[in-house]
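# Predicted model and sequence follow; I will ask about them next.
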Amino acid sequence: MTIIGWIILGLLAGAIAKFLLPGRDPGGLIGTTLIGVAGAFIGGWISARWLDHPITKDFYDGTTWAAAIGGSLVLLIAYRILFGHSRN
């Protein structure tokens, strides 16, 4: 999968993470999508590095999607914990 594929996957994973974790985010829509892209990269790296599941070149692989969404959820939760109360 190319870098553009990972960015598209990250945007979709960020949207899914936002759907699974509704509420007000400190970064808004742009922050959530950037967290989704970063979460896709981090989730894929963790999956390949520690879970012994190398990322395939197939965009429709379920494990790749699960890793991207999981990474996005983790980053979204961490972002809310760290910066959630900075906006009023």
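Nice, thanks for sending it over.
# mind checking how far residue 33 is from residue 3?
Separation of residue 33 from residue 3 (Cβ to Cβ, to the nearest Å): 16 Å. Where C-beta positions appear, they are placed from N, C-alpha and C, glycine not excepted.
# Ok, residue 74 next?
21 Å.
# Please identify the buried residues of stretch 41-54?
41-44, 47, 53 (16 or more other Cβ atoms under 10 Å).
# Now for these: which two are most distant?
Greatest spacing in the buried residues of stretch 41-54, by Cβ to Cβ: 41 and 53 (15.3 Å).
# still on that earlier bit, neighbour count: residue 74 and residue 3, which is higher?
Neighbours per residue, other Cβ atoms under 10 Å: of residue 74 and residue 3, the larger number sits with residue 74, 16 against 8.
# Please name the nearest non-neighbouring residue to that one.
Distances taken as Cβ to Cβ, 6 or more residues apart in numbering put residue 39 closest to residue 74, at 6.7 Å, once the chain neighbours are dropped.
# Which pLDDT value goes with that neighbour?
Model confidence at residue 39, given as pLDDT, is 83.
# Centre-most residue in the chain?
residue 72 (2.4 Å; Cα atoms, centre = their mean).
# wait, it sits on residue 20?
No - counting by Cβ atoms under 8 Å, residue 20 is not a contact partner of residue 72; they are 9.1 Å apart.
# Average pLDDT for the helix or strand containing residue 65, rounded please.
Using DSSP states H and E, residue 65 sits within helix 62-83. For helix 62-83, the mean pLDDT works out to 83.
# Give the other helices and strands that the host helix or strand of residue 36 contacts.
Element membership of residue 36, judged by DSSP H and E, is helix 28-49. On a contact count with 3 or more Cβ pairs under 8 Å, 6 or more residues apart in numbering; DSSP states H and E, helix 28-49 meets helix 3-20, helix 62-83.
# Okay, angle between the last one and helix 28-49 too, please.
Here helix 62-83 runs at 130 degrees with respect to helix 28-49, directions being taken by axes from the mean of the first three to the mean of the last three Cα atoms, to 10 degrees.
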